Each structure stands twice: as structure tokens, then as C-alpha cells.
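Participant: no sequence for this one, just the structure:
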Ligand SMILES: Nc1ncnc2c1ncn2[C@@H]1O[C@H](COP(=O)(O)OP(=O)(O)O)[C@@H](O)[C@H]1O
Ligand SMILES: CC(=O)OP(=O)(O)O
Ligand SMILES: [Mg+2]
């Protein structure tokens, strides 16, 4: 049973290169304040600047009224599977988990430390991207390596974007007027980072990201799935060391590596200008999505709905159409007219005869983090 508590939360989502924030009053639909600071290099400084601007008399926000500060944390490892009130030891544990999310956890800790210094008397809660995937069956989270070695080094599939996958899958069930317990859903979170989830009866049974947010779908600057032997080969044949390969796979691959652009809008522009590389990049991107849809349909033993969300999923009708093209035999039919354009609100884009409903549902990680943080301290 879930109980909804009300309150006001400042939510900080310290991403790999940006900080998104919202002040959420759960009794109101729209946030009291929201914003995005891009190209952040120092998250401690970034968070302090955000708090300073929210403290201004004309900000429309009364920071004295805050119930809680909620922090998005990408990697919770084996330690954290639920929203957790942050004390020094929790902050320390999140810092230690940075080896398993090097692009994300260091920024989270810098943001947490700035926010705890600014609001020492308000509870701070960490909401983990990994938590929604704590339900994965052992066969889904285990890799085919020596289990002793895996246990000793925490090597397993953790899965990320869980707050988003959980949120949009619950929204989807509600929009379909069905109990999540009776649904099989594939959620496609296509942002700068991208991942797919297979959700059965309301719980995740598979996810495309792994030990770190590098595996799975093609992303803005990350490879997604790649034969691990490419690492050995690049080391032996091209002389790259481990850190150089890590940097290459995480920061200079994906759409960026293929085309020079990490933003899908730029990839489309390049295609319009006749770029063959950009065309192939889009084809790889969509082909990979289709592969996960097929795989997860099989793991789920059938399918009731597909949900597209996040920056690409909500805005890119070409990606949505191309990723699901040719799946009519499997009961998946996108209606090109319903699909057309950017979606600012939940929209059904499948045909009436489609056995599987296809939805675009805008994610709202910040609101979901607010709700979960308030519940954790209520
Ligand atoms: N109109 C659009 N058409 C296609 N892709 C878009 C559009 N707007 C945003 N995007 C894509 O969404 C990405 C950002 O998604 P978002 O979910 O905000 O990512 P993140 O939370 O990881 O920063 C951009 O990098 C871009 O690729
Ligand atoms: C986990 C992850 O990849 O997050 P983001 O999409 O915010 O980079
Ligand atoms: Mg995101």
C-alpha cells in the first residue's frame, strides 16, 4: 500500500554536466520553481548558486518552508535499495560508489555537501536510480563470471534511470485504466543517457544498463553495448591505456563519436544536409532500441505497452517511428499521425488495431524524487 504525504521539497538532480532543480509543493501540480544549469564543472559551486538565487526575495519560494531536500543519486550499489536519509556515513558511502558511476556520483556528492551546508537543519534524502532495479531476478542481474569474484567486487547489473522507469510505467498503467500488477511494459528512457526496462506486474525484471550507465542503448556520448574484447584490442593494437578507453567509451562515443554531435537534433540536421555518417548513426540508434524491444517482449512473455520518455523519447517522432517500424507482426503499430511532433503531455501513438499500446509519457524525475523524499521523512 502506498500512502501519499504532502510537503515542499527542493530537488537537486546533479547530472554529469548539468544540474536540474525543482521546488515541489506536492499539493500543487506545477513546481514553485524549476531550472537547469548547463555545462557545470563544479557541482558544489553550481548548487550554491542555485540556492542563492532561490533565496532572493523575488524568487517566489520560501526556503524556510522546505520539508526536505531530495537528491538524485545514480549509483546506490548493493547498499541502497530505498530512499535514504543522508548523514555523514551515507554521504561517504555515495562517494565510495563513484568507482561504479564515475560520470555521476562525484557530482552528486559535491551537490549534497553544498546543500547540507546550506540547510543543516532540514533532512536530506538520497533517491537512487538503481533502487527500482533491486527486484531484478538473479539470472537478470548476474554476469557469466566467477560468482566469488563478482561478489567480492560488487560486479552485477545495477540498472539506472529507475526513478523515471518506475514513474512512467505507473503513469502508463493509470492512463490505460489497468492495475500495474496485470501489465507487461517496456519503458524506453531516451535522454542524453538512455536505457530500456522490462517491467512485469509493476516490477523491473530486466534493464539495459549494467554495472555502470555505459551498457545497452546508444547514447549521446556513450557506446552502449559493445564487445568487451574491443577494450583488449584497443589496448594491444592502438596502445590506449584503461583510462583513455574509459574516457573514449563514456565521453567520446555514441552519437558524438559517430557524428561529432551528441544532441539528436544536430544528428537530424546533419542528415538533412546529406551526412551519410549521421544517417548510419540514427540507424544504429534505432536498431539497438528495436533489439531491446524484441528481447524484452520475449523475457516478458508478451507485451501490453511500450512507453517512450525523456528528451529524445518525448520529442523525436522519427526515432519513435523508425525504432518500432516493421513490428506489426508482433502487434505493434504506431500511427504516424498520432506520433507526429513533440509531446508535452502523455499521448497514445499506436493505432486502434495495435495489440500493444504505444505511449509517449513525459518523465518527471524531480517530482517523483520530491514525493519519495517527503515519504521517507514522514
Ligand atoms: N526536439 C528534440 N528532438 C530530438 N531530440 C531532442 C529534442 N530535444 C531534446 N532532444 C534530445 O534529448 C537530449 C536530452 O534529454 P534529457 O532527457 O533532458 O537528458 P538528460 O536528463 O540526460 O540531460 C538531448 O541531448 C537531445 O539529444
Ligand atoms: C544514469 C544516467 O545515464 O543518467 P543521465 O541520463 O542523467 O546521464
Ligand atoms: Mg536524465
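Facilitator: Ah, there it is. In this text the structure is predicted, and so the values were computed from the model without any measurement. Ligands and ions are numbered 1, 2, ... in the order given.
Participant: the helix or strand containing residue 271 near ligand 1 at all?
Facilitator: Following DSSP states H and E, one finds residue 271 within helix 264-272. Yes. Using Cβ under 6 Å from any ligand atom, helix 264-272 reaches ligand 1 at 264-265. All C-beta spots, glycine's among them, are computed from the backbone N, C-alpha and C.
Participant: list the buried residues of that helix.
Facilitator: 264, 267-268, 270-271 (16 or more other Cβ atoms under 10 Å).
Participant: I'd like these as a markdown table, with pLDDT and distance to ligand 2 appended.
Facilitator: Shown next, in a markdown table, are the buried residues of helix 264-272 (pLDDT from 0 to 100; distance: Cβ to the nearest ligand atom, whole Å):
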| residue | pLDDT | distance to ligand 2 |
| --- | --- | --- |
| 264 | 97 | 13 |
| 267 | 98 | 17 |
| 268 | 98 | 20 |
| 270 | 98 | 22 |
| 271 | 98 | 23 |
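Participant: name the nearest of these relative to ligand 1.
Facilitator: Ligand 1 lies nearest to residue 264 out of the buried residues of helix 264-272, by Cβ to the nearest ligand atom, at 3.5 Å.
Participant: I'd like the next helix or strand past the helix holding residue 271.
Facilitator: Using DSSP H and E, the first helix or strand after helix 264-272 is helix 276-300.
Participant: that next one packs against which elements?
Facilitator: Judged by 3 or more Cβ pairs under 8 Å, 6 or more residues apart in numbering; DSSP states H and E, helix 276-300 is in contact with strand 184-190, strand 194-200, strand 203-207, helix 254-259, helix 264-272, helix 317-323.
Participant: mind putting those into TSV with distance to residue 344?
Facilitator: Output for the helices and strands packed on helix 276-300, formatted as TSV (distance: least, Cβ to Cβ, whole Å):
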stretch	distance to residue 344
strand 184-190	16
strand 194-200	20
strand 203-207	27
helix 254-259	24
helix 264-272	16
helix 317-323	13
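Participant: quick one: which of those is nearest residue 300?
Facilitator: Residue 300 lies closest to strand 184-190 among the helices and strands packed on helix 276-300, at 4.1 Å (Cβ to Cβ).
Participant: okay, now the unreliable bits of this structure?
Facilitator: Under the criterion pLDDT under 70, the flagged ranges of the chain are 1-3.
Participant: so which residues of it form strands?
Facilitator: Taking DSSP state E, the strands of the chain run over residues 8-14, 19-25, 33-37, 68-73, 84-85, 124-128, 184-190, 194-200, 203-207, 305-309, 347-348, 357-360.
Participant: same list, those strands, but as JSON lines with distance to residue 53 please.
Facilitator: Formatted as JSON lines, those follow (distance: least, Cβ to Cβ, whole Å):
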{"stretch": "strand 8-14", "distance to residue 53": "12"}
{"stretch": "strand 19-25", "distance to residue 53": "10"}
{"stretch": "strand 33-37", "distance to residue 53": "8"}
{"stretch": "strand 68-73", "distance to residue 53": "16"}
{"stretch": "strand 84-85", "distance to residue 53": "26"}
{"stretch": "strand 124-128", "distance to residue 53": "19"}
{"stretch": "strand 184-190", "distance to residue 53": "29"}
{"stretch": "strand 194-200", "distance to residue 53": "31"}
{"stretch": "strand 203-207", "distance to residue 53": "36"}
{"stretch": "strand 305-309", "distance to residue 53": "28"}
{"stretch": "strand 347-348", "distance to residue 53": "33"}
{"stretch": "strand 357-360", "distance to residue 53": "32"}
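Participant: flag every residue of the stretch 101-250 of the chain that's near ligand 1.
Facilitator: 191-193, 220.
Participant: repeat the analysis, applying 5 Å as the threshold.
Facilitator: 191-193 (Cβ under 5 Å from any ligand atom).
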